[in-house]
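Participant: Kindly generate the corresponding structure for this input.
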Amino acid sequence: MKEIIKYLVIVLIIALLVGCVVNQNSTNSVNEEEKTEKVEAYKAETVSHEEGDYKLVNSQISMFGTGENLKVEARLIEDFYDKEGNYIKTRLLHSTTQNGDEEVYIDEPMTIILSEQFGENEPMANELTEQEKEDIKEHILELFNSNF
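Facilitator: The predicted structure follows:
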């Protein structure tokens, strides 16, 4: 069940990204080498198979090509916390359409840009400046290069 939910989440992310590319392709001519990228920082409730009450996430999702040649690569840093805000663990998830999912666990919080700005009634997503997006992307790539 745990694996099924994980794969459903990945498929949902891919479907959302494909929809963005299809929409973009309908208004622009896109060559096969074009890269679409999304960098995010957000807080989310954990799902039933995940430990803890909520997680802070930094993510980078890249798409290359179009149609049958579409390749997707996702990198997520997920710091898990209990209801009282106590840190539990960090999961690094690297997912590609070619190689599937790889996970590494770390025993210290690794997300950046997210601070105590998220209260119980605050928005779950964080609007990022271009500089913050670049900082998060650099942080993710350095962390993944040293752990995968």
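Participant: Every contact and neighbour count from this point should use C-alpha atoms.
Facilitator: OK.
Participant: Please name the residues that touch Met63.
Facilitator: Leu17, Lys35, Thr36, Glu37, Leu70, Lys71, Val72, Glu73 (Cα atoms under 8 Å, 6 or more residues apart in numbering).
Participant: ok, the residue nearest to Lys38 when sequence neighbours are not counted to Ser48 distance?
Facilitator: Using Cα to Cα, 6 or more residues apart in numbering and skipping residues adjacent in sequence, the residue nearest Lys38 is Ile61, 5.2 Å away. According to Cα to Cα, to the nearest Å, Ile61 stands 24 Å off from Ser48.
Participant: Quick check: next helix or strand after the helix-or-strand element of the chain with minimal mean pLDDT?
Facilitator: When each helix and strand of the chain is scored by mean pLDDT, DSSP states H and E, helix 2-27 comes last, with a mean of 53. Next along the chain after helix 2-27, taking DSSP states H and E as the criterion, comes strand 35-45.
Participant: Give the buried residues for that following strand.
Facilitator: The neighbour-count check on strand 35-45 (16 or more other Cα atoms under 10 Å) flags Lys35, Val39, Glu40, Ala41, Tyr42, Lys43 as buried.
Participant: again, but for stretch 64-76
Facilitator: Phe64, Gly65, Thr66, Lys71, Val72, Glu73, Ala74, Arg75, Leu76.
Participant: With stretch 46-61 instead?
Facilitator: So for stretch 46-61, counting by 16+ other Cα under 10 Å, buried means Thr46, Gly52, Asp53, Tyr54, Lys55, Leu56, Val57, Asn58, Ser59, Gln60, Ile61.
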